[in-house]
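A.B. asks: Have a look at this prediction, sequence included:
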Amino acid sequence: MDELVRAIAADNFIKMTAVNAREIAEYARTVHKTLPTATAALGRTLAAASMLGSAMKEEKASLTIRISGGGPIGSIIAVSDSSGNVRGYVQNAEVDLPLKADGKLDVGGAVGKNGTITVIRDLHMKDPYVGSTALVSGEIAEDLTKNLFESDQTPSACALGVLVDRDQSVLAAGGYIVQLMPGAPDELAEKLEDNVRAAGPVSEILRSGSVDDVVSAVLNGFSPRILERSDPAYHCRCSRDRVSRIVAGLGKDELADILEKGEPLEIICRFCGKAYSFSTPEIRELTEECHKEN
């Protein structure tokens, strides 16, 4: 089971979130039939969204990460609720590039860096909070680190990783975000940077360990204290009722065109791949409802 933890350390000058998202990334792979490079890109983004989403305390809040870097993978979308449950997709799931010289998946090459990473926090107020920054590398963790600093003015370190096995299944996936609070001493930042370097790739820690091991490695010497644990999952919110409202929202003219063709309408959810079919009588009923509302 996947796990997300939130921790504090160093007299509350450091806060950290870490997530084991192997099952989330594997479920996304099977739903979207992603090849390894796309699996890694989507898995990293889902892990990031889960961590950031879990920080929102409003019950019905949602957080969206949208990445568009001009690379062959196209856009990546990940959406989280305030419990860290996520859903997402990549525009081109079958993108798979040759490995880099160091033997790692070329996520940056697939994503590209001629574009932006956008984080949208919808707290159900008048307008959502939107923070968009230029991509640094397309590797996602570095891009998110820059976004958090420029948008939230909080020094952060972000690590994300996905290990793909020989059979293309997800072997390990997850990440962490660690942040310094205002007033933190300079020596604290230096020690934390040393810890981050010494910890190594987060996916390697999670391959044989847990999120507690990630926290222990990054916050070594800072007496970390776990504040909260949760079990995030891949969760799509689609339903026939929701899709029916989308169909009705197509408007009178478009619905009339569909009826004229006399063929059933099928809509496939981009997040989970579930298909919803509407017969001609059902479409006619939605058309009549649309007329009543107008």
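C.D. replies: On my side now, so go ahead. Residues are numbered from 1 along each chain as shown.
A.B. asks: where exactly do the strands run in the stretch 101-250 of the chain?
C.D. replies: Counting by DSSP state E, counting those that start in this stretch, the stretch 101-250 of the chain has strands at residues 116-122, 129-134, 156-164, 170-180, 225-230.
A.B. asks: how big is the angle separating the lengthiest helix in the chain from strand 156-164?
C.D. replies: Longest helix in the chain, counting residues (DSSP state H): helix 36-54. Put simply, helix 36-54 runs at 140 degrees to strand 156-164, going by axes from the mean of the first three to the mean of the last three C-alpha atoms, to 10 degrees.
A.B. asks: Taking strand 225-230 as reference, get the angle to helix 36-54.
C.D. replies: Going by the same axes, to 10 degrees, helix 36-54 is angled at 110 degrees with respect to strand 225-230.
A.B. asks: just the CA coordinates of helix 36-54, formatted as PDB?
C.D. replies: Output of helix 36-54 as PDB, limited to C-alpha atoms (Å, rounded to 0.1, in the frame of the first residue of the first chain):
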ATOM      1  CA  PRO A  36       8.800   3.300 -19.700                       C
ATOM      2  CA  THR A  37       9.700   7.000 -20.300                       C
ATOM      3  CA  ALA A  38       6.100   8.100 -20.200                       C
ATOM      4  CA  THR A  39       5.600   5.900 -17.100                       C
ATOM      5  CA  ALA A  40       8.400   7.700 -15.300                       C
ATOM      6  CA  ALA A  41       7.200  11.200 -16.400                       C
ATOM      7  CA  LEU A  42       3.600  10.600 -15.300                       C
ATOM      8  CA  GLY A  43       4.600   8.800 -12.100                       C
ATOM      9  CA  ARG A  44       6.800  11.600 -11.000                       C
ATOM     10  CA  THR A  45       4.100  14.200 -11.700                       C
ATOM     11  CA  LEU A  46       1.500  12.100  -9.800                       C
ATOM     12  CA  ALA A  47       3.800  11.800  -6.800                       C
ATOM     13  CA  ALA A  48       4.400  15.600  -6.800                       C
ATOM     14  CA  ALA A  49       0.600  16.300  -7.000                       C
ATOM     15  CA  SER A  50      -0.100  13.900  -4.200                       C
ATOM     16  CA  MET A  51       2.300  15.700  -1.900                       C
ATOM     17  CA  LEU A  52       1.200  19.200  -2.700                       C
ATOM     18  CA  GLY A  53      -2.400  18.300  -2.600                       C
ATOM     19  CA  SER A  54      -2.200  16.700   0.800                       C
END
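A.B. asks: Could you export the strands of the stretch 101-250 of the chain as a markdown table, including mean pLDDT?
C.D. replies: Formatted as a markdown table, those follow (pLDDT from 0 to 100):
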| stretch | mean pLDDT |
| --- | --- |
| strand 116-122 | 96 |
| strand 129-134 | 94 |
| strand 156-164 | 96 |
| strand 170-180 | 97 |
| strand 225-230 | 96 |
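A.B. asks: out of those strands, which comes closest to A25?
C.D. replies: Evaluated with C-beta to C-beta, these place strand 170-180 nearest to A25, the distance being 3.8 Å. (Glycine included, C-beta is placed from N, CA and C.)
A.B. asks: Quick check: which helices or strands does the closest one pack against?
C.D. replies: Other elements packing on strand 170-180 under the criterion 3 or more C-beta pairs under 8 Å, 6 or more residues apart in numbering; DSSP states H and E are strand 14-20, helix 22-32, helix 36-54, helix 141-152, strand 156-164, helix 186-199, helix 202-208, helix 211-218.
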